[in-house]
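*Asks:* Fold the stuff below for me.
(chains A, B and C)
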Amino acid sequence: MITLIYRGIIAIVMSFTVWNLYTEKKIALQANAAIVLIPLLLRLLMIK
Amino acid sequence: MNKQIITASVCLLAALSVAGITGKNFMEVKKPDELRPGPGVTQTKMLSDYFPDIAGTNADSTVYVMEGEQPGGKMLVLGGTHANEPSGYLAAITFVESGKVEQGTVFVIPRTCNSGFTHNDPQEGSPQYYTIQTKGGPRQFRYGSRAANPLDQWPDPDVYVHAASGQRLSGSETRNINRTYPGRPDGTLTEKASYAVRQLIDTEGVNLTFDLHEASPEYPVINATVAHETAMSIASNGMFELQMAGIAMSLEPSPTNLHGLTHRELGDYTDTLPLLMETANASQGRLRGKTNADLVLTGKDKCYVKAQKLGFLYVPYDETGHPIEERVGRHLQGIYEYSKAYSAQYPESPIVYNGLPSYQELFLDADPSELGGTQLGKYLN
Amino acid sequence: MSIELIIFLAMVVVFAGGCFLLKLPVSISMVLSSVVGALVGGQGIPLRHLVEGTFSYVDTILVIATAMIFMKVIQESGALDALSALIIEKFHKIPALLLCLIMLVIMFPGMITGSSTAAVLTAGSIMSPVLILMGVPMLETACIIAMGGILGMIAPPVNIPAMIIGGGIDIPYVGFEIPLAILTFPLAFLFVLMFGYKYAKKISYEEIAPKLNTEPREKFGFKVYIPIFAAIILMVVNKAVPQIPDLGMPLVFLISAVIGLFTGYKIDILKTCKEAINSVLPVLGILMGVGMFIQIMTLTGVRGLIVTSCISLPNLLLYVAMAISIPLFGAVSSYGAASVLGVPFLMAFLAKDQIITAAAISLIASLGDMMPPTALAGIFAAQVVGLKKYTDVLKRCIVPALILIAWAILIIVFSPQLAAILP
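*Replies:* Below is the predicted model:
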């Protein structure tokens, strides 16, 4: 149960990260957001 | 479409690709190594046969049963308690693939913390596999993590409280199976795994239990046997024989204030006599240099040679390292001498087996150029 | 020159070049530096290692992101203003005590969770308006919050670096409370008075009373404080009653933030969350970069080079090496420094009392959270008070950091004597 909730939290943080990625103007900061997404996605899918 | 959206999409796509490529790799390492049990194995069971709750989870693990033709005592060998300590894993595999029990029954669990074999710790730079040339050709073995996979019980608590004693450790230790004994049927997956081991011991009436470990060379308890007070007389008798065989081994009593470990809790909570053995493994140490499969198998490491000269280590260390044959050999010889001491002390339930290489055969008499896997491979199918 | 040294230099040069010449974000510079380190070390571009390294911080990311969401919510709901007004009203007559109380409040979430980030972003953000209203300048306020955060992380009952260091040689986390209290509380009171007393002693309630925003309190009454109490209660209950499954900090922060939506001014939750994540993204990126950086350092043997070089110094220099190397390595993570260097140093001081020494080393490790590029405590403290440059906070904290190191070393040197008199 707690794991599911935490996956939900990951999903929330991920969605706002993607939103920020698209509203960010500087490419370097877009890349920064993209890097953060990688482990979040792998954890959300329970791969790593 | 404006430029910002395009660049954002490119970044997103790149992140997805990296996640895809690495994700595929992380999934692949979850596949268990294929073991090739020898004729000594009379039955194959699962840990979940003793505690069905873990069936179908990463905590479930194969139990190889090796029953002798004559009745006798019962012995359990726990390998792979920590999946980053390969000598324990490989010693258990060698037992399963080459051993033959004459009297009594031996249970071998090569992957005691099966979950630990399904991932690697971040920031450790560990190899995912190491390869050994065996009788049946080159074989890959998994190098895993000290603790269970976080995915199996995510998230960790900030502080891990050992249920039976109230002892507090850092949160990640909640996934260390050798801090969760005697286990709980309704606990975390790791606690359930240790509970299943305890159930096996109770159900089968296991008399003698070995837990095979490795330690970093700078760790004080190394090249050592840790014994519960109930196993102390066997340990001291066996130790004498080990020293005769040229193996320097220290004997440590199991601390009464350190909880969750096999040598403490299995002795306190079951009737088995628990012994834990440690060999020297550079690839898990904090002082190690370049980290790769070679280091795992040969133990050759210039940082440890330097640290030895500085007096920081608890084992001798030179350019020859500590090859896997030496480490597996210590475990196998240890099991042999301690089980012999057990049989002498409890003649009504002896444990007798053969087929396994001695320390002398595996390490001392080996061609130095074959150390680091090839020599050990001669005893693997 | 050994290959490890060449790799390390290549990594440092690429990192510095990325940051200062190309003006890239710290995170991107660290990623580039990790890639170059792997290439020079003959590893190609090991994607798996790069990504694996980041996983040390997945839980940290969640703590930081949710703590920031919680902070923004209590800010916009009016809870922060209400609490500041209340505290100043009650305690303005005794500024020294008020400062010490504020310091304890800042430390509290760190003491309970073992995370300086939690302390800085929650209690730090609650207390910063109070300090500023008392006349403490922004920079000093940020310093108080940052030092409070790291001391809170080390103060008992929960100290993760001490657990990590102790765990390295199998010392259970027992008997650490008193040494940790001796190590942290005197410093905490000293630092808050150092930074704040000069300004706070001149406090005049009549002057600041009109600046206090009492509207939320009048409008919503006690209700406005509920999210803050909820966070405190959940944190304490989680630790005090081990039988209850640990909710973990991220969930505690989110629950409290959700409560905050109904206890004060109306909040646009989507916008608030987006802003919260946006403000922490640079730090989250740095953590990812750091994860890759350490993984490559370990893989290529650079970590081994650093650790063995540090402990190979002669005995007296060992203290100096510890004082320098642990905080420096803490630049990548204070927990990482505790594990990688804290354990070997504890072994190097085996003649000393182990518990007290481990506790003192954990205090030095806490300084890692003040070391750029991560400097989590410094960055967030600056952010909380609204300072643009966090480096000023770090510079201003050099003297307290030196005092902290001296205190820790003093305690290690006299640990056998101290152990004899402690219960």
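
*Asks:* Check the gap between residue A:22 and chain C for me.
*Replies:* Distance of residue A:22 to chain C, computed by C-beta to the nearest C-beta, to the nearest Å: 11 Å. Using the backbone N, CA and C atoms, a C-beta is placed for each residue, glycine as well.

*Asks:* biggest helix in the chain by residues?
*Replies:* Answering for chain A, as no chain was given. In chain A, assigned by DSSP state H, the helix with the most residues is helix A:2-23.

*Asks:* Hmm, no, I was thinking of chain C.
*Replies:* helix C:269-300.

*Asks:* Whichever helix or strand comes after that one: how far from the chain's middle?
*Replies:* Using DSSP states H and E, the helix or strand that follows helix C:269-300 in sequence is helix C:302-311. Between the centre of helix C:302-311 and the centre of its host chain there is 25 Å, according to C-alpha atoms, centre = their mean, to the nearest Å.

*Asks:* Contacts for helix C:302-311 next, please.
*Replies:* Counting by C-beta atoms under 8 Å, 6 or more residues apart in numbering or on different chains, helix C:302-311 makes contact with B:286-290, B:301, B:303, B:306-307, B:310, B:312, C:2, C:4-5, C:7-8, C:11, C:37, C:41, C:294, C:296-298, C:318, C:321-322, C:325, C:329, C:340-341, C:344-345, C:348, all of which sit outside it.

*Asks:* Please indicate which of these are buried?
*Replies:* Buried subset of the contacts of helix C:302-311 (neighbour count, 16 or more other C-beta atoms under 10 Å in any protein chain shown): B:286-290, B:301, B:303, B:306-307, B:312, C:4, C:7-8, C:11, C:37, C:41, C:294, C:296-298, C:318, C:321-322, C:325, C:329, C:340-341, C:344-345, C:348.

*Asks:* tell me the phi and psi of residue C:422?
*Replies:* Main-chain dihedrals, residue C:422, degrees, to the nearest 10: phi -80, psi 150.

*Asks:* for residue B:46, same thing?
*Replies:* Backbone geometry at residue B:46, expressed as degrees, to the nearest 10, gives phi -120, psi 160.

*Asks:* Who does it form a beta bridge with?
*Replies:* Bridge pairing for residue B:46 (DSSP bridges) gives the partners residue B:62.

*Asks:* Next, count neighbours for it.
*Replies:* By other C-beta atoms under 10 Å in any protein chain shown, 16 other residues sit near residue B:46.

*Asks:* how near is it to residue B:65?
*Replies:* 11 Å (C-beta to C-beta, to the nearest Å).

*Asks:* same deal with residue B:318?
*Replies:* Taking C-beta to C-beta, one finds residue B:318 at 41 Å from residue B:65.

*Asks:* buried sites along the host helix or strand of residue B:340?
*Replies:* Assessed by DSSP H and E, residue B:340 sits inside helix B:324-345. By 16+ other C-beta under 10 Å, the buried positions in helix B:324-345 come out as B:324-343.

*Asks:* Could you find the closest non-adjacent residue to the residue nearest to the spatial centre of chain A?
*Replies:* Chain A has residue A:14 as the residue nearest its centroid, 2.7 Å off, counting by C-alpha atoms, centre = their mean. Closest residue to residue A:14 apart from its sequence neighbours, by C-beta to C-beta, 6 or more residues apart in numbering or on different chains: residue A:40 at 4.7 Å.

*Asks:* number of nearby residues for that neighbour?
*Replies:* The burial count for residue A:40: 25, using other C-beta under 10 Å.

*Asks:* In which helix or strand does it reside?
*Replies:* Residue A:40 belongs to helix A:27-44, assigned by DSSP H and E.

*Asks:* gap between that helix and the chain center?
*Replies:* Helix A:27-44 sits 6 Å away from the centroid of its parent chain (C-alpha atoms, centre = their mean).

*Asks:* helices or strands next to that helix in the packing?
*Replies:* Here helix A:27-44 touches helix A:2-23, helix B:3-28, helix C:26-40, helix C:47-54, helix C:58-77, helix C:269-300, going by 3 or more C-beta pairs under 8 Å, 6 or more residues apart in numbering or on different chains; DSSP states H and E.

*Asks:* by contact count, what packs against the fifth one?
*Replies:* Spelled out, that is helix C:58-77. Helices and strands touching helix C:58-77, as assessed by 3+ C-beta pairs under 8 Å, 6+ apart, comprise helix A:2-23, helix A:27-44, helix C:116-119, helix C:125-133, helix C:226-240, helix C:249-260, helix C:269-300.

*Asks:* number of nearby residues for residue C:212?
*Replies:* 19.

*Asks:* Kindly report the same for the one 3 residues further on.
*Replies:* Close neighbours of residue C:215, defined as other C-beta under 10 Å, add up to 13.

*Asks:* Out of the helices and strands packed on helix C:58-77, which one sits most buried?
*Replies:* Of the helices and strands packed on helix C:58-77, the one with the most neighbours on average (mean count of other C-beta atoms under 10 Å in any protein chain shown) is helix C:116-119, at a mean of 30.

*Asks:* Can I get that one in CSV? Just the C-alpha atoms.
*Replies:* Extracted C-alpha coordinates of helix C:116-119, given in CSV (Å, rounded to 0.1, in the frame of the first residue of the first chain):
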residue,chain,number,x,y,z
SER,C,116,18.9,19.1,7.1
THR,C,117,16.8,19.8,4.0
ALA,C,118,13.6,19.0,5.9
ALA,C,119,14.7,21.4,8.7
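
*Asks:* Quick one: list the elements packing against it.
*Replies:* Contacts defined by 3+ C-beta pairs under 8 Å, 6+ apart place helix C:116-119 against helix C:58-77, helix C:95-113, helix C:138-154, helix C:376-385.

*Asks:* Tell me how far the third one lies from the chain's centre.
*Replies:* Centroid separation between helix C:138-154 and its chain, computed with C-alpha atoms, centre = their mean, is 8 Å.

*Asks:* Report whether it contacts chain B.
*Replies:* No: using C-beta under 8 Å from any C-beta of the partner chain, helix C:138-154 stays clear of chain B, with a minimum separation of 11.3 Å.
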